[in-house]
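Asker: Sequence first, then the predicted structure, then my questions.
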Amino acid sequence: MKKITLLSLFCLIQLQAYSQCNNRYQTEIFSSVNITTVNYSDVFSDDAHEMDIYMANGDTVTNRPLIIFHHGGSYYQGSKSNPGCVDFCTAFAKRGYVAVSANYRLVSLLNIISFLANHSEQYEEVLKATSDMKSAVRFFKKDFSNGNTYGIDTNAIFVGGISSGGVTAIHTAYIDDITDLPTSPIDVQAIANSLGGLDGDAGNNGFSSSVNGIVNFAGGIQQLSWIDNNDEPIFSAQGDNDVVVNYNCGPGLNNPSVLDLCGLGEIHPICDNLGVINQSLTFYNVNHGWVIGNSQSEFIQAIDSSSNFLYQLLPCNQTTNFSENFTNKKRLFKITNILGEETKKRFNSLLFYIYDNGSIEKKFFVK
């Protein structure tokens with residue numbers, strides 16, 4: 001009887017949350033989207049600072065969540081038109097989001113060899129990309145103050161990306177102060193200061209760069225010490241055989257000359273220990289190749305799982321127990337299956353992770 005009550009309570013919470021968001025943001029409720037291309041920097045007017053804004057045709061809501069998404073390509077290739085970005089932004093716009101696929105500054109083709117061999121240049125490129133992502137965040141906050149052309153809710157701004165785009169999103173949110181950056185053996189603080197500080201040099205100054213969460217598809221963080229208990233919620237999906245961005249920790253691109261990156265396998269246990277709201281999706285026996293878009297079943301699953309994760313964080317859910325019970329301190333109480341029966345972690349089954357603060361997370365592990 002107790003197990004049935006638990007399951008019934010969970011279903012009731014889900015139904016209440018779904019109703020409170022007016023049946024938006026979890027599934028695709030619109031059939032088509034329109035795309036508007038704008039320059040998001042008031043300093044640079046080049047193609048590197050263009051973004052495509054995806055919005056559903058016929059959507060008249062004026063307080064929608066926003067997600068800004070960066071493509072992959074190891075910081076020297078790719079664009080906002082990469083299939084993975086198009087597929088991601090289309091899926092989220094059809095759910096009711098304002099979804100953005102943004103270009104950012106890349107290493108020039110003439111400098112690729114130097115970039116791949118030089119840690120200082122690698123730090124510089126990541127900081128340029130975070131600068132550009134923060135400028136895009138500020139673009140929408142600036143627009144909000146001038147009439148809210150795009151109908152966003154500034155309390156629901158998320159950043160994300162694929163591969164190096166995921167790296168950028170994590171660093172955009174998790175490097176909190178310039179003093180977090182090392183000064184030895186490379187003075188990364190000096191590099192950041194030369195680029196305009198942590199907020200960067202890409203413009204839209206006078207507005208906050210803060211965000212409300214991260215969607216990380218096969219990206220990583222350069223230093224695990226940058227994660228702290230006040231950090232933003234994070235969703236990650238990654239293959240456990242990934243060495244392009246190492247699932248645990250290792251040199252980027254599996255190249256000893258590239259800075260180390262730590263992926264899902266290291267990020268999320270730390271988040272668990274610190275009480276950072278997080279959810280992870282591991283694809284077992286899978287490498288980096290799934291990130292190319294909807295042609296890969298893992299990519300579709302990652303979209304659905306990340307959408308469900310962000311749904312719990314939206315302001316329209318803040319009056320429900322599901323979101324209220326997420327705190328910065330929670331410990332796993334038990335795992336149950338869909339029938340409410342206590343179980344252990346299993347593959348290819350929907351599981352409910354129940355925490356000691358009353359929060360519940362849906363998880364599905366693929367093998």
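Answerer: Alright, I've got the coordinates. Numbering: from 1, shown residues only.
Asker: Could you pull out the helices in this protein for me?
Answerer: Assigned by DSSP state H, the helices in the chain fall at 2-20, 83-95, 112-117, 119-145, 164-174, 188-194, 264-274, 297-311, 321-324.
Asker: any idea which of those is most buried?
Answerer: For those, the largest average neighbour count (mean count of other CB atoms under 10 Å) is found in helix 164-174, namely a mean of 28. The C-beta positions use only the backbone N, C-alpha and C, and glycine is treated the same way.
Asker: Would you mark the buried spots in stretch 49-67?
Answerer: For stretch 49-67, burial by neighbour count (16 or more other CB atoms under 10 Å) applies to 49-56, 59, 64-67.
Asker: Also stretch 279-296?
Answerer: Going by neighbour count (16+ other CB under 10 Å), the buried part of stretch 279-296 is 279-283, 286-288, 290-291, 293, 296.
Asker: Repeat that for stretch 144-160.
Answerer: 144, 150, 152-154, 156-160.
Asker: Keeping just the C-alphas, turn it into CSV.
Answerer: Extracted in CSV, the C-alpha atoms of stretch 144-160 (Å, rounded to 0.1, in the frame of the first residue of the first chain):
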residue,chain,number,x,y,z
PHE,A,144,14.0,42.4,-22.3
SER,A,145,14.6,45.8,-20.8
ASN,A,146,13.7,47.5,-24.1
GLY,A,147,10.4,45.8,-24.7
ASN,A,148,11.1,42.0,-24.7
THR,A,149,10.9,41.5,-28.5
TYR,A,150,11.5,37.7,-28.2
GLY,A,151,9.0,37.1,-25.3
ILE,A,152,11.5,35.5,-22.8
ASP,A,153,11.5,35.0,-19.1
THR,A,154,14.8,36.3,-17.7
ASN,A,155,14.4,34.0,-14.7
ALA,A,156,14.7,31.0,-17.1
ILE,A,157,17.8,31.4,-19.2
PHE,A,158,19.8,28.3,-19.9
VAL,A,159,23.0,27.7,-21.8
GLY,A,160,24.2,24.5,-23.4
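Asker: what's in contact with it?
Answerer: Residues outside stretch 144-160 that contact it (CB atoms under 8 Å, 6 or more residues apart in numbering): 53, 55, 61-70, 88, 98, 133, 137, 140-141, 143, 166, 168-169, 172-173, 207, 210-217, 306, 310, 313-315.
Asker: now do 7 Å
Answerer: Applying CB atoms under 7 Å, 6 or more residues apart in numbering, the external contacts of stretch 144-160 come out as 53, 61-69, 98, 133, 137, 140-141, 143, 166, 169, 172-173, 211-216, 310, 314-315.
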